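In: Fold the stuff below for me.
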Amino acid sequence: MKILAVGDIVGDIGLNKLKELLPSIIEKENIDFVIVNAENTSGGMGLTIKDFNTLLNLKIDVMTMGNHTWGKKDIFTFIDNPKLLRPANYSKGVPGKGYNIFICKNKKIAVINLIGRTDMGVLSENPFTVAEELVSRLKKEADIIVVDFHAEATAEKIAMKYFLDGKVNIIFGTHTHVQTADEEITENGTAYITDLGMTGPKKSVIGMEVKASIKRFVTSLPEKYKLAEGPAVLNGCVFEINDENCKVVNIHRISYK
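Out: Numbering: from 1, shown residues only. Predicted coordinates:
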């Protein structure tokens, strides 16, 4: 089995790039199961029903979210769709699901969405204790466990790798929009990468227009972020799993311009 995880979709440019390339990537890489992070799809912040329906029409099995889950008000009309996950460690009582189990090639794949607490500006429960509780439960129900850890701090993501090492099959980071070159399969068999990168405008500051971004840093004055334009890049990672024992046997990054 091969699982494809695609980095944060940023705006229409990112969405169009995904629509353009996903079918050929699935064919080229012989992909069986697709996960995309969709929290920046609509205008760079949140997900509208229009863009959600576009994603549903693609060969995508799971859409994960993050700190911009509630960025578009109409999210509440479709947040309960089984293909859509929001961080499991959001405050108790919020709508939506933080994990779900999916069937692929007669295997049960549990996907968990978590959000970090370091420099995220989001009130949430401890992702480590929530992850521990969920993994303890899901390992009895699923053959494969995948975690999307949507977090800012590299250290927090790496700590999660060691915390869940050998307890889950795959951990990948999202949110920073910069693809890292640290993909590995640990000694205990967990496949890991600190960040998948993004699917969005290549000439940008993490998807945003360059001049507006620079002005914010130079002047320290408020400046509304604007989505960048131009050619896009698609970043992600492919995980190959042994169908007999469900162990990850290969991991490799992908980046398409």
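In: Output the helix or strand hosting residue 238 as CSV, restricted to C-alpha atoms.
Out: Counting by DSSP states H and E, the element that carries residue 238 is strand 232-241. C-alpha atoms of strand 232-241 as CSV (Å, rounded to 0.1, in the frame of the first residue of the first chain):
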residue,chain,number,x,y,z
ALA,A,232,2.7,27.0,-7.9
VAL,A,233,4.5,24.2,-6.2
LEU,A,234,3.1,20.9,-4.8
ASN,A,235,4.9,19.4,-1.9
GLY,A,236,4.1,16.1,-0.1
CYS,A,237,5.4,12.8,0.9
VAL,A,238,4.8,9.2,-0.1
PHE,A,239,4.8,6.4,2.4
GLU,A,240,5.0,2.7,1.3
ILE,A,241,3.6,0.1,3.7
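In: what comes up buried for the helix or strand residue 55 falls within?
Out: Per DSSP H and E: residue 55 is located in helix 49-56. Across helix 49-56, burial judged by 16 or more other Cβ atoms under 10 Å covers 51-52, 54-55. No exception for glycine: its C-beta is placed from N, CA and C like everyone else's.
In: And stretch 115-132, by the same measure?
Out: Neighbour count says stretch 115-132 has 115-117, 120, 122, 124-125, 127-128, 130-131 buried, by 16+ other Cβ under 10 Å.
In: Relative to residue 244, which of those is nearest.
Out: The closest of the buried residues of stretch 115-132 to residue 244 turns out to be residue 131 (Cβ to Cβ; 26.7 Å).
In: Following element in sequence after the strand holding residue 238, please.
Out: strand 248-256.
In: Give me the residues contacting that following strand.
Out: Strand 248-256 is contacted by residues 4, 17, 21, 25, 29, 169-170, 179, 181, 183-185, 189-191, 193, 197, 233-242 when judged by Cβ atoms under 8 Å, 6 or more residues apart in numbering.
In: Look up how far residue 195 lies from residue 48.
Out: 25 Å (Cβ to Cβ, to the nearest Å).
In: of these two, who's got more company?
Out: Remark: of residue 48 and residue 195, residue 195 carries more neighbours, 24 against 18, as counted by other Cβ atoms under 10 Å.
In: Without its sequence neighbours, what residue ends up closest to that one?
Out: Closest residue to residue 195 apart from its sequence neighbours, by Cβ to Cβ, 6 or more residues apart in numbering: residue 173 at 4.3 Å.
In: Can you tell me the SS state at residue 211?
Out: Under the three-state scheme (DSSP: H, G, I helix; E, B strand; the rest coil), residue 211 adopts helix.
In: burial measure for residue 101, as a count.
Out: Residue 101 has 15 neighbouring residues, counting by other Cβ under 10 Å.
In: wait, isn't residue 189 in contact with residue 247?
Out: Yes. Judged on Cβ atoms under 8 Å, residue 189 makes contact with residue 247 at a distance of 5.3 Å.
In: Any chance you could list residues touching both of these two?
Out: Common neighbours of residue 189 and residue 247, using Cβ under 8 Å, 6+ apart, are residue 169.
In: Can you mark which positions in stretch 240-251 are buried?
Out: Neighbour counts over stretch 240-251 (16+ other Cβ under 10 Å) mark 240-241, 246, 248, 251 as buried.
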